[in-house]
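Peer 1: when you get a sec, could you give me coordinates for this:
(one chain, ligands or ions: 1)
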Amino acid sequence: MLINGAERQIHVDPERTLLNVVRDDLGLTGSKVGCGDGKCGACTLLVNGQPVQSCSMTVGAAAGSHIMTIEGLAQAGQLHVLQAAFLETGAFQCGYCTAGMISRFEWEELRGVVSVALLVLLFSVIRLLTLPMA
Ligand code: FES
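Peer 2: Below you'll find the predicted structure:
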């Protein structure tokens, strides 16, 4: 399977979840276990460019696919524009499900559904509205 652009050979039980293998066998721990039931999106990865709740996909079903994790979005030491936007606007909140949100927004941006500029504006407005009053 291709993980973040690099070919990886893994020999595991094909019925294990993709999330479990990515985290525990490949050490890519950016994606988190939230509900563990395909509902919250904290575990979202891009599989062949499509967002997938990796807690609900077996690694066998993902065999031969290109998997993009949050660790693969930054290139050459530079944050992806969405990562930078989250950082710039303080959109991380507790950070637990941030990797899933960014993966989902990456897919939305690639499809032209949402733009980084719109997200930065939205996050900035939310930040202003939630700042404590002086
Ligand atoms: S952990 Fe909630 S959807 Fe996967």
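
Peer 1: enumerate the residues of the chain near the ligand.
Peer 2: Within the chain, the positions near the ligand by C-beta under 6 Å from any ligand atom are 33-36, 38-43, 53, 55. For the C-beta atoms, the positions are set from N, CA and C on the backbone; glycine is no exception.

Peer 1: these in strands, which ones?
Peer 2: Among the residues of the chain next to the ligand, the subset assigned to strands under DSSP state E consists of Gln53.

Peer 1: list buried residues within the residues of the chain next to the ligand.
Peer 2: Buried by 16 or more other C-beta atoms under 10 Å: 34, 40-43, 53, 55, out of the residues of the chain next to the ligand.

Peer 1: if we can go back for a sec, redo the residues of the chain next to the ligand as JSON lines? Include pLDDT and distance to Thr69.
Peer 2: Below are the residues of the chain next to the ligand laid out as JSON lines (pLDDT from 0 to 100; distance: C-beta to C-beta, whole Å):
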{"residue": "Val33", "pLDDT": "95", "distance to Thr69": "14"}
{"residue": "Gly34", "pLDDT": "94", "distance to Thr69": "16"}
{"residue": "Cys35", "pLDDT": "94", "distance to Thr69": "19"}
{"residue": "Gly36", "pLDDT": "95", "distance to Thr69": "18"}
{"residue": "Gly38", "pLDDT": "94", "distance to Thr69": "18"}
{"residue": "Lys39", "pLDDT": "94", "distance to Thr69": "20"}
{"residue": "Cys40", "pLDDT": "93", "distance to Thr69": "17"}
{"residue": "Gly41", "pLDDT": "92", "distance to Thr69": "14"}
{"residue": "Ala42", "pLDDT": "94", "distance to Thr69": "13"}
{"residue": "Cys43", "pLDDT": "96", "distance to Thr69": "10"}
{"residue": "Gln53", "pLDDT": "96", "distance to Thr69": "14"}
{"residue": "Cys55", "pLDDT": "97", "distance to Thr69": "14"}
